[in-house]
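Engineer: no FASTA, just this:
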């Protein structure tokens, strides 16, 4: 029986590892390509798998020395993925500034009906500003109680998972909906005046890269975000949303990481995935991002509880 298991591990394990290597290499290629993009997001999962293969081949090396080289290769790929995750390592860049603002970000999932659970988390966390994505008329009707504590708001309902809304305890200046790209993806914008300073708020939900056209449009939206960071007319701003990418993708590195924007989650060194909420935590990836202009900082970055969406909510305490 043991020999059968060992033979199975030798053949199937090696085949699985070869597939793993090709997927890793694909995710490391420096090209903007939809397939490379998909494979680039799973570095944490690849670290776990690489570790498992390393242990497997060490065991098999006791049976046949040729598996020792495979264990070394597994260790190399584990190290490569760890290096790719370096933005989440190191000391947290957290401050105790007195001028604070708390942002909440919810991708509600249009078909989700757990409205009360969203309200409960808002009551517990007490954010100053809430940005909601994927809202339709049913959602807006069922969360209208929010307006009692958040009397300043802008709602934009849609049926295609791209409705968006913003609720604030602080008066909004010129709130509006902008249509980005030729697909007219709605983006919510507003300004607030806090501590004597004007702060620009953006709520953005990019198209998911489910095909070549959506991949192109998502990248156009990322490029637009990068342009905002260089706009001399905007001194301080916060952009929050489901950007349908992780910090590992070539597109994120090209448009966001290369700009002067700071990602709140990497500042907080909180390596916790926001999507898919229905999966085990170690299978999730972080698609939610809160991006900050250089003179803003982070006091805390916390993920909320599963409330029926495929995304976990995000609560970020900011200072300036």
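Structural biologist: Nice, I can see it. Everything numeric in this text was worked out from a predicted model, so none of it was measured.
Engineer: Leaving out the residues flanking it, which one is nearest to the residue nearest to the spatial centre of the chain?
Structural biologist: Residue closest to the average C-alpha location in the chain (CA atoms, centre = their mean): residue 287, at 2.2 Å. Spatial nearest neighbour of residue 287, chain neighbours left out: residue 275 (4.6 Å); criterion: CB to CB, 6 or more residues apart in numbering. In short, each C-beta sits where N, CA and C put it, glycine included.
Engineer: Quick one: neighbours of the one you found, just the number.
Structural biologist: Close neighbours of residue 275, defined as other CB atoms under 10 Å, add up to 21.
Engineer: who's it bridged to?
Structural biologist: In this entry, residue 275 is beta-bridged to residue 285, residue 311, by DSSP bridges.
Engineer: My read is that it contacts residue 285, right?
Structural biologist: Yes - between residue 275 and residue 285 a contact is recorded at 6.1 Å, counting by CB atoms under 8 Å.
Engineer: Show me what the helix or strand containing residue 317 pairs with in its sheet, parallel or antiparallel.
Structural biologist: Taking DSSP states H and E as the criterion, residue 317 maps to strand 314-319. Paired with strand 314-319 in the same sheet, following DSSP bridges, are strand 100-107 (antiparallel), strand 297-303 (antiparallel).
Engineer: From residue 251, how far off is the residue nearest to residue 113 when sequence neighbours are not counted?
Structural biologist: Closest residue to residue 113 apart from its sequence neighbours, by CB to CB, 6+ apart: residue 308 at 7.0 Å. According to CB to CB, to the nearest Å, residue 308 and residue 251 sit 29 Å apart.
Engineer: Can you pick out the residue with more neighbours from these two?
Structural biologist: Neighbours were counted for residue 308 and for residue 251 using other CB under 10 Å; residue 251 has more, 24 against 15.
Engineer: For the residue lying closest to residue 296 once chain neighbours are set aside, which residues are in contact?
Structural biologist: The shortest distance from residue 296 to any non-neighbouring residue, by CB to CB, 6+ apart, is to residue 320 (4.9 Å). Each residue near residue 320 by CB atoms under 8 Å, 6 or more residues apart in numbering is listed here: 97, 99, 101, 195, 197, 199, 236, 295-297.
Engineer: what does residue 314 give?
Structural biologist: 103-105, 240, 274, 288, 290, 301-304.
Engineer: So the residue nearest to residue 113: helix, strand or coil?
Structural biologist: Look at residue 308: counting by DSSP: H, G, I helix; E, B strand; the rest coil, its state is coil.
Engineer: what about stretch 287-305, how long is it end to end?
Structural biologist: End-to-end distance for stretch 287-305: 16 Å, by CA to CA, to the nearest Å.
Engineer: tell me which residues in it are buried?
Structural biologist: 287-293, 296-301, 303-304 (16 or more other CB atoms under 10 Å).
Engineer: Stretch 59-79 too?
Structural biologist: By 16+ other CB under 10 Å, the buried positions in stretch 59-79 come out as 60-61, 67, 70-71, 73-75, 77-78.
Engineer: between these, which is nearest residue 32?
Structural biologist: residue 77 (22.9 Å; CB to CB).
Engineer: Quick check: next helix or strand after the helix or strand bottoming out on mean pLDDT in the chain?
Structural biologist: Within the chain, no helix or strand scores below helix 2-28, which has a mean of 87 by mean pLDDT, DSSP states H and E. Next helix or strand after helix 2-28 toward the C-terminus (DSSP H and E): helix 34-40.
Engineer: The very next helix or strand once past that next one vs helix 2-28, what angle?
Structural biologist: Once the chain leaves helix 34-40, the next helix or strand it forms, by DSSP H and E, is helix 43-61. Per axes from the mean of the first three to the mean of the last three CA atoms, to 10 degrees, the angle that helix 43-61 makes with helix 2-28 is 150 degrees.
Engineer: give me every residue that touches the residue nearest to residue 287.
Structural biologist: The contact partners of residue 275, taken as CB under 8 Å, 6+ apart, are 242, 284-288, 310-312.
Engineer: Likewise for residue 279?
Structural biologist: Counting by CB under 8 Å, 6+ apart, residue 279 makes contact with nothing.
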